[in-house]
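*Asks:* sequence first, then the predicted structure:
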Amino acid sequence: MFWNIPNILTVLRMALIPVFVGIFYLPHNLFALSVQPTHPLNLMAASVFALASFTDWLDGYWARRYNQTSAFGAFLDPVADKLMVAAALIVLVEFDRVGAVVCLIIIGREIAISALREWMASIGKSSHVAVALIGKIKTAAQMIAILLLLYFDPIGGVNIALIGTILIYLSAILTLVSMGYYLKAAWPIIKDSYR
């Protein structure tokens with residue numbers, strides 16, 4: 001069934017991507033020299049990203065809890081996640097909140113592992129590259145980092161931008177570690193396929 005709750009939540013998450021990106025391009029600081037978004041724009045964009053992230057958790061929970069999994073949902077959910085992360089990272093690069101190298105590492109890994117999973121599924125070996133704990137930790141660090149970097153402003157003297165920057169570097173390291181983990185798991189099959 002296409003229009004079940006998890007699929008609707010996934011489509012909603014995709015619809016929220018241009019919303020949180022577009023918020024940064026609303027008129028701001030018209031008479032100031034800075035091109036950095038103002039606090040209200042940071043808050044709005046971070047809130048929309050948080051809502052989108054919540055729908056990611058909720059659609060997975062709902063699909064498992066009420067047995068509403070589908071092939072279409074299994075395809076669309078990771079696509080929505082990767083689009084959301086890529087869009088956020090590109091915006092953060094534009095506002096000089098994330099370095100381009102970190103962005104390339106994270107997006108490049110997502111593309112590479114998605115391609116690996118697709119290939120493994122096509123030969124009936126998808127269980128070899130199922131989501132592992134290291135991948136879940138990487139995703140958690142990445143989502144929190146992006147949220148903090150979208151918000152960016154201090155809270156009660158706490159340097160949110162610095163915490164977000166530390167977490168995004170940590171998530172970039174975990175990105176490489178998790179990619180190594182998945183490639184190592186897939187390597188025997190890759191090697192056998194070229195014999």
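*Replies:* Yes, it's here.
*Asks:* please identify the buried residues of the longest helix along the chain?
*Replies:* Using DSSP state H, we find that the single longest helix of the chain is helix 160-193. Buried residues in helix 160-193, defined by neighbour count with 16 or more other Cβ atoms under 10 Å: 160, 164-165, 167-172, 174-175, 178-179, 181-182, 185-186. Bear in mind the C-beta positions are built from the backbone N, C-alpha and C, glycine included.
*Asks:* would you put the C-alpha positions of stretch 63-71 in CSV?
*Replies:* Extracted in CSV, the C-alpha atoms of stretch 63-71 (Å, rounded to 0.1, in the frame of the first residue of the first chain):
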residue,chain,number,x,y,z
ALA,A,63,6.3,0.9,9.9
ARG,A,64,7.7,-1.7,12.4
ARG,A,65,5.1,-1.3,15.1
TYR,A,66,2.1,-1.5,12.8
ASN,A,67,3.7,-3.8,10.1
GLN,A,68,3.3,-1.1,7.4
THR,A,69,6.6,-1.8,5.6
SER,A,70,6.6,-1.7,1.8
ALA,A,71,9.2,-2.0,-1.0
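*Asks:* and it, average pLDDT?
*Replies:* When pLDDT is averaged over stretch 63-71, the result is 88.
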